[in-house]
Each structure stands twice: as structure tokens, then as C-alpha cells.
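Student: After the sequence you'll find the predicted model.
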Amino acid sequence: MNQEKNFSVSNFVLRVFQGALVGLGAVLPGISGGVLCVVFGIYTIIMEFLADPFRKLKTHFPKLLPIGIGGVIGFIGVAKLLGFFLERYENPSVCLFIGLIAGMLPSLFREAGEQGRSKKSYVAMVIAMVLVFAMLISLKVLEVEITPNFGWYIFCGVCLALSVIAPGMSFSTTLMPLGLYEPFVAGIGDFDFAVLVPGGIGALATVILFAKAVDMLFKKHYSVAFHAIVGVVIAATIMIIPVASFTVSVSGCLINVICLVVGIVAALLLDKFNQKYAVE
């Protein structure tokens with residue numbers, strides 16, 4: 001009896017810890033909360049619950065409770081810190097994030113090919129890259145400035161939810177090129193309801209409307225869908241590289257390079273940790 005209880009407690013603590021890492025992955029640039037869910041073996045149960053919450057409430061909620069607790073801790077705990085560094089040290093922070101993304105790409109590509117690769121997979125990746133490049137370059141050429149408001153924060157919430165229900169999708173890689181990542185993260189860290197309310201509406205609506213569809217998409221076309229996400233991540237990451245900051249000064253360039261290397265190493269170490277402690 002005691003052994004069963006101890007096992008339950010240890011499993012609960014492990015799930016809270018995994019949830020905290022998923023929460024970190026949801027907010028940290030380059031690290032997908034959805035991918036971490038796949039790695040930890042909890043993605044299927046999360047998607048089953050989100051796709052049919054009323055029927056799965058009794059069987060799935062007890063299993064997801066510790067993950068949810070950890071997720072909230074990880075997400076909110078790091079948001080304020082990220083907002084501070086992005087405001088005070090923008091270019092080094094972005095370079096660190098780019099390093100994190102670059103370091104996660106091998107694991108992301110590995111996950112994309114878990115069920116094999118086909119010509120359609122690579123075509124989807126290229127098309128996704130081209131579309132994202134075209135959209136972001138157009139915004140730059142047309143000098144379109146996006147001012148964060150209620151509607152855009154709803155969009156941020158949509159991207160946040162997609163980063164969990166669509167493995168490999170990191171909401172930061174979408175929001176950073178649009179200039180929405182910093183104010184959104186800062187708003188969450190400051191518990192600003194002008195950010196939290198629309199963000200929550202967007203996230204909840206996305207889960208209700210798209211969870212089942214995304215679940216079916218990945219079940220039927222896993223390789224194509226995942227490779228398309230890889231294409232989005234690559235294109236969006238390239239577009240946020242602060243090229244000009246590397247030419248301002250030697251010291252500035254050196255700091256940026258160090259941040260890039262630290263990010264890559266940190267992501268590779270996290271990937272090793274994920275593989276070692278993945279729960280089947």
C-alpha cells in the first residue's frame with residue numbers, strides 16, 4: 001500500500017516537473033511546448049482530452065492535473081524575466097533565442113521524420129518556408145508597423161494555443177518577427193488583464209475550434225504537417241536575426257555570438273535530457 005502511494009507521489013511530482021518544462025517550452029523562443037509533450041509521452045492524452053473534454057473529464061483530468069499545475073508555474077514564472085531581458089538587452093536576448101531555436105532544430109527534424117518522410121513532406125516544408133518569407137518580407141518592405149491591441153493579443157493567444165496542440169510550432173517564432181512577442185510576454189509577466197483577457201480568449205477559442213482538427217491532421221498526415229512546421233520555424237527564425245547589431249561594435253558582435261552559442265548548447269542539452277527522461 002505504501003509502495004503504491006509512494007509511486008503515485010513520485011509520479012505526480014514527475015508530471016508537475018514535466019508540466020513546468022512544457023510551460024517553459026511554450027513561452028521560451030525556439031522550444032515548442034507541443035514537442036516536449038510528444039517527447040514526454042503526454043501529447044496523446046492531452047489531445048484526447050482537448051478534442052473531447054466532457055467525455056474524457058473523468059478519466060483524463062486526474063492525469064493532466066499535475067501537468068497543468070507545472071505548466072502554469074513554468075509559463076508564468078519565466079514570463080516576467082523574459083520581458084525584463086527583452087527590454088534591457090534586446091539584441092543579445094534575441095541572439096540567445098535564435099541559438100535555442102537552432103539547437104532545437106535537429107530534434108524537431110527528427111520528430112518530423114518519426115513516421116517517415118516523403119516528397120510531399122519536403123514540398124510542404126519548402127512551401128511553408130516560402131509563404132512565411134513572403135509574408136514577413138512584405139511587412140518589412142511595406143514598412144507595416146503592428147501596434148499591439150485587443151485583436152492582436154487574441155492572435156497571440158491563438159499562436160500560443162497552437163504551440164501546444166501542434167507539435168513543433170513555437171508561438172515565439174511567429175510573434176517575434178511581427179513585434180508582438182515582447183509586449184505579449186511582458187503583459188503576461190505583469191498580469192496585465194488587457195493582455196491576459198484577449199490572449200485567453202484566443203487560446204480558448206483555438207482549443208475549442210481546432211484541437212480536434214489538428215489532432216486528426218497529425219494522425220493522418222503527420223509527416224507533411226510536421227515538416228510544414230519545420231519550414232515555418234526556419235523562415236521565421238532567419239527573419240529575426242539582428243544582422244545590423246553584429247556590425248555596430250566588436251564587443252557587441254562578440255556578445256551576440258556568445259549568446260548564440262550558449263543558446264545552441266542549452267537547447268542540445270535540453271534535448272538530451274528530454275530523450276533520457278521521456279515517459280512512454
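Tutor: Okay, I see it.
Student: Name the residues that touch stretch 125-139?
Tutor: Defining contact as CB atoms under 8 Å, 6 or more residues apart in numbering, one finds that stretch 125-139 is touched by 144, 146, 177-178, 227-232, 234-236, 238-239. Where you see a C-beta, it was placed from the backbone N, CA and C, and this is true even at glycine.
Student: quick one: which of those residues is nearest residue 65?
Tutor: Comparing these against residue 65 with CB to CB places residue 229 closest, at 28.4 Å.
Student: secondary structure element for that closest one?
Tutor: Here residue 229, judged by DSSP states H and E, is contained in helix 222-239.
Student: Please, which helix or strand holds the nearest residue to residue 51 once chain neighbours are set aside?
Tutor: Spatially, and ignoring its direct neighbours in sequence, residue 51 is nearest to residue 212 (4.1 Å; CB to CB, 6 or more residues apart in numbering). Assessed by DSSP H and E, residue 212 sits inside helix 193-220.
Student: re earlier: can you name the residues in contact with the helix holding residue 229?
Tutor: 30, 98, 101-102, 105, 108-109, 111-118, 120-122, 124-130, 132-133, 136-137, 166-170, 173-174, 176-177, 217-218.
Student: re the thing from before, the residue nearest to residue 51 is in contact with residue 52, isn't it?
Tutor: Yes. With contact defined as CB atoms under 8 Å, residue 212 and residue 52 form a contacting pair (7.5 Å).
Student: Return every residue with contacts to both of these two.
Tutor: Counting by CB under 8 Å, 6+ apart, residue 212 and residue 52 have no contacts in common.
Student: neighbours around residue 56, how many?
Tutor: Look at residue 56: counted by other CB atoms under 10 Å, it has 16 neighbours.
Student: quick one: average confidence on the host helix or strand of it?
Tutor: Here residue 56, judged by DSSP H and E, is contained in helix 53-88. With pLDDT averaged residue by residue, helix 53-88 scores 81.
Student: cool, and stretch 177-193?
Tutor: Per-residue pLDDT values over stretch 177-193 give a mean of 85.
Student: Show me what counts as buried in it.
Tutor: Neighbour-count burial for stretch 177-193, counted by 16 or more other CB atoms under 10 Å, picks out 177, 178, 180, 181, 182, 183, 184, 185, 186, 187, 188, 189.
Student: Need the residues you listed in CSV (columns: distance to residue 42).
Tutor: Listed next are these as CSV, based on distance: CB to CB, whole Å:
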residue, distance to residue 42
177, 30
178, 30
180, 28
181, 26
182, 30
183, 30
184, 25
185, 24
186, 29
187, 28
188, 23
189, 26
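Student: For residue 57, state which of the contacts of stretch 125-139 is nearest.
Tutor: Nearest to residue 57 among those, counting by CB to CB, is residue 229 at 29.3 Å.
Student: What count of nearby residues applies to that closest one?
Tutor: A count of nearby residues for residue 229, using other CB under 10 Å, gives 26.
Student: gap between it and residue 252?
Tutor: Here residue 229 is placed at a distance of 32 Å from residue 252 (CB to CB, to the nearest Å).
Student: Please apply the same query to residue 77.
Tutor: Distance from residue 77 to residue 252, by CB to CB: 30 Å.
Student: quick revisit: list the buried ones in the helix holding residue 212?
Tutor: 195-196, 198-200, 202-203, 206-207, 210-211, 214-215, 218.
Student: Can you report how many residues lie near residue 113?
Tutor: Neighbour tally, residue 113, other CB under 10 Å: 14.
Student: cool, and the one 10 residues further on?
Tutor: Neighbouring residues of residue 123 were enumerated by other CB under 10 Å; the total is 14.
Student: three-state assignment of it?
Tutor: helix (DSSP: H, G, I helix; E, B strand; the rest coil).
Student: for the record, mean pLDDT for the helix holding residue 229?
Tutor: Averaged over helix 222-239, pLDDT sits at 84.
Student: how about it as PDB, C-alpha atoms only?
Tutor: Listed in PDB are the C-alpha atoms of helix 222-239, where the atom choice follows Å, rounded to 0.1, in the frame of the first residue of the first chain:
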ATOM      1  CA  TYR A 222       1.900  13.600 -39.500                       C
ATOM      2  CA  SER A 223       5.000  13.900 -41.700                       C
ATOM      3  CA  VAL A 224       3.600  16.500 -44.100                       C
ATOM      4  CA  ALA A 225       2.200  18.600 -41.200                       C
ATOM      5  CA  PHE A 226       5.300  18.400 -39.100                       C
ATOM      6  CA  HIS A 227       7.600  19.300 -42.000                       C
ATOM      7  CA  ALA A 228       5.500  22.300 -42.800                       C
ATOM      8  CA  ILE A 229       6.000  23.500 -39.200                       C
ATOM      9  CA  VAL A 230       9.800  23.000 -39.600                       C
ATOM     10  CA  GLY A 231       9.600  25.200 -42.600                       C
ATOM     11  CA  VAL A 232       7.700  27.900 -40.600                       C
ATOM     12  CA  VAL A 233      10.300  27.800 -37.800                       C
ATOM     13  CA  ILE A 234      13.300  28.100 -40.100                       C
ATOM     14  CA  ALA A 235      11.900  31.000 -42.100                       C
ATOM     15  CA  ALA A 236      10.700  32.900 -39.100                       C
ATOM     16  CA  THR A 237      14.000  32.400 -37.300                       C
ATOM     17  CA  ILE A 238      16.000  33.700 -40.200                       C
ATOM     18  CA  MET A 239      13.900  36.800 -40.300                       C
END
